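Chemist: Provide a 3D model corresponding to the input given below.
(chains A and B)
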Number of protein chains: 2
Amino acid sequence: MFETRIADVATAVSARLDAALEPMAGQIGAAMRHATDGGKRLRAFLVVEGAGLHGVDPAPALDAAAAIEAMHAYSLVHDDLPCMDDDDLRRGQPTVHVKWDEATAVLVGDALQTLAFDLLAHANLPADRVVTLTASMARAAGGLGMVQGQAMDIAAETAETPLTLLQITELQAKKTGALIEWSAQSGPIMAGADPAAMGHYARALGLAFQIADDILDIEGDEARTGKRLRKDDEAGKATFVSLLGLDGAKAEAKRLVTEACDALAPYGDAAESLRDAARFVIARQS
Amino acid sequence: MFETRIADVATAVSARLDAALEPMAGQIGAAMRHATDGGKRLRAFLVVEGAGLHGVDPAPALDAAAAIEAMHAYSLVHDDLPCMDDDDLRRGQPTVHVKWDEATAVLVGDALQTLAFDLLAHANLPADRVVTLTASMARAAGGLGMVQGQAMDIAAETAETPLTLLQITELQAKKTGALIEWSAQSGPIMAGADPAAMGHYARALGLAFQIADDILDIEGDEARTGKRLRKDDEAGKATFVSLLGLDGAKAEAKRLVTEACDALAPYGDAAESLRDAARFVIARQS
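Modeler: Residues are numbered from 1 along each chain as shown, chains lettered A, B, ... in the order given. Here you go, the predicted model:
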């Protein structure tokens, strides 16, 4: 059931992104389509499921889902640049700067970030809720959120001492956690409801997601993940696995999934697909 | 009088940006401050003067002015990257990737774009006007606006035939014109008034500004402009000067300034400082 639901969301959000990108011509347009193609669409799923739980109309929920996927795609395109993580493979395809060039990758990331705010600004919702969504997305993505997390990650590569568990948890909360939290909270925000329970769920889920990523980096298969693996280990970077051990990391991820599921208690059985999503993030092979 | 007014706006908008950047710590914070320091603050001036003409409160006008300067600063940091225009000097200072590194420059530009939307989302205005400002800024900056203009500019560098006058006018309208138009229209938008006259003014002003830039690239002094000059000429790029000749370009810039001033007729004498701004853009030495 979860697999069907996330596949349906992926189809719908891809169609929404394609419609938004349809007027974008030339190489930039083609590269923007390439950058937004594929992926698990976990963030979109959190938006759409959270919106459904709170009775939000499907159309604005899909706009918000497309917005967060555009924001996520921008961050991947820029993170993959040679001056950042220097990755040549993403979602099983060559990265934007490999398929085209670095200038195109910089511009595509820039335009995808703008598109995220564009999609939110055109969502058919009361204006005050659009403003709250926009303000919270800016806070999640900006210099005190995702960008700060990426800066901490890059600084860690040349630091003399590896990061501690507390530092790596803070880094993760900003680098990948902030957008996941926004995704889960956008449903209640669109409905004018209290986003606290969804926020608690998302913080536990986001951390479990990152721990699972670190485990996949050790145990995963490049053909399945569609990206280069074992780079952190080779670079001697601290990860949840290097700090907790493989068994310790798996136990912590499992504990966090239970915490995430429990945080959804106020929603009862209606939130079961969100609990499935939490279980999925630690069971996934890609 | 114009010089005093734009200096006052520059002081106020710098203080607003410093306040917004105050929580940003570390190297990214320092580099964001570096990137937003200095400049003519012409876009901020257009926002503040346009807002004043329409009776908008000074505080939200300053938020919008700081937002457009953050957006402009992001575009400069990314345009200066080695994979783009490869510039080492900006506003008389080393560019961000020279003073720090490329990864920092990519992240600083990214975070400054986010900051622009953050500042708008927190402006103390009716929510529907914040949404209109956000939607129009996204349209001006994104893949159908500024980013498309920059992509056209980069494509022109390797094209076999130089751009025609029509093509270069379209490129300019997107690359630099779109943010200038947003700046001038934001005042009436914040007041819920018709932005048409300010839009007409800004389109003529923006084109005059770019022609003046091309003239400065030939006749200017690097010590005064604080950036490298004569790069277009050396690269054999088409500019308004190469297409119209130096005298033809000067005559066209003058004609456009008259058109810009005339477009402000509905505002009468109250718009005199905006007319001064139009005269300034073709008289400036930097």
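
Chemist: okay, now A:V48: neighbour count?
Modeler: A:V48: 27 surrounding residues under other Cβ atoms under 10 Å in any protein chain shown. Glycine gets a C-beta too; all of them are placed from N, C-alpha and C.

Chemist: got it, and A:Y267?
Modeler: When neighbours are defined as other Cβ under 10 Å, A:Y267 has 17 of them.

Chemist: that one - that's part of a helix, no?
Modeler: Yes: looking at A:Y267 with DSSP: H, G, I helix; E, B strand; the rest coil, it is inside a helix.

Chemist: doesn't A:H200 make contact with it?
Modeler: No: with contact defined as Cβ atoms under 8 Å, A:Y267 does not reach A:H200; the gap is 11.9 Å.

Chemist: do you know how far A:V77 is from A:D276?
Modeler: Look at A:V77 and A:D276: by Cβ to Cβ, to the nearest Å, they are 30 Å apart.

Chemist: okay, those two: which has more neighbours?
Modeler: A:V77 (29 against 18).

Chemist: can you tell me the element the more buried one falls in?
Modeler: helix A:58-79 (DSSP states H and E).

Chemist: which of the helices or strands spans the residue nearest to A:K174 when sequence neighbours are not counted?
Modeler: Among residues not flanking A:K174 along the chain, A:G149 sits closest, at 3.1 Å (Cβ to Cβ, 6 or more residues apart in numbering or on different chains). According to DSSP H and E, A:G149 maps onto helix A:146-158.

Chemist: which strands or helices does the helix or strand following that helix pack on?
Modeler: Of the helices and strands lying after helix A:146-158 in sequence (DSSP H and E), the nearest is helix A:165-172. Judged by 3 or more Cβ pairs under 8 Å, 6 or more residues apart in numbering or on different chains; DSSP states H and E, helix A:165-172 is in contact with helix A:146-158, helix A:196-219, helix A:240-263.

Chemist: return the most buried member of these.
Modeler: Mean neighbour count (mean count of other Cβ atoms under 10 Å in any protein chain shown) peaks for helix A:196-219 among these, with a mean of 22.

Chemist: that one vs helix A:165-172, what angle?
Modeler: 110 degrees (axes from the mean of the first three to the mean of the last three Cα atoms, to 10 degrees).

Chemist: quick one, what contacts the spatially closest residue to A:L171 that is not a sequence neighbour?
Modeler: Once flanking residues are discounted, A:L171 sits nearest to A:M152: 4.5 Å by Cβ to Cβ, 6+ apart. Residues in contact with A:M152 (Cβ atoms under 8 Å, 6 or more residues apart in numbering or on different chains) are A:167, A:170-171, A:174-175.

Chemist: which among the helices and strands packed on helix A:165-172 is found nearest to B:A138?
Modeler: Taking Cβ to Cβ, helix A:146-158 is the member of the helices and strands packed on helix A:165-172 nearest to B:A138, at 18.3 Å.

Chemist: low pLDDT regions in the stretch 151-286 of chain A?
Modeler: The stretch 151-286 of chain A contains residues with pLDDT under 70 at A:233.

Chemist: name the residue of it that lies nearest to chain B.
Modeler: With Cβ to the nearest Cβ as the measure, A:A151 is the residue of the stretch 151-286 of chain A nearest to chain B, at 4.7 Å.

Chemist: wait, that residue sits on B:L107?
Modeler: Yes: the pair A:A151 and B:L107 passes the contact test of Cβ under 8 Å, sitting 5.5 Å apart.

Chemist: so what sits against both of those two?
Modeler: Common contacts of A:A151 and B:L107 (Cβ under 8 Å, 6+ apart): B:I28.

Chemist: mind listing what's buried along the host helix or strand of A:V13?
Modeler: Counting by DSSP H and E, the element that carries A:V13 is helix A:2-21. The neighbour-count check on helix A:2-21 (16 or more other Cβ atoms under 10 Å in any protein chain shown) flags A:2, A:5-6, A:9-10, A:12-14, A:16-17, A:20-21 as buried.

Chemist: export it to CSV, keeping only CA atoms.
Modeler: The C-alpha coordinates for helix A:2-21 follow below in CSV (Å, rounded to 0.1, in the frame of the first residue of the first chain):
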residue,chain,number,x,y,z
PHE,A,2,2.8,2.4,0.9
GLU,A,3,4.6,1.5,-2.3
THR,A,4,1.5,2.2,-4.4
ARG,A,5,0.9,5.5,-2.6
ILE,A,6,4.4,6.8,-3.0
ALA,A,7,4.4,5.7,-6.7
ASP,A,8,1.2,7.6,-7.2
VAL,A,9,2.6,10.7,-5.6
ALA,A,10,5.8,10.4,-7.6
THR,A,11,3.8,10.3,-10.9
ALA,A,12,1.7,13.3,-9.9
VAL,A,13,4.6,15.4,-8.7
SER,A,14,6.6,14.7,-11.8
ALA,A,15,3.7,15.8,-13.9
ARG,A,16,3.4,19.0,-11.9
LEU,A,17,7.1,19.7,-12.2
ASP,A,18,7.0,19.0,-16.0
ALA,A,19,4.1,21.4,-16.4
ALA,A,20,6.1,24.1,-14.4
LEU,A,21,9.2,23.5,-16.5
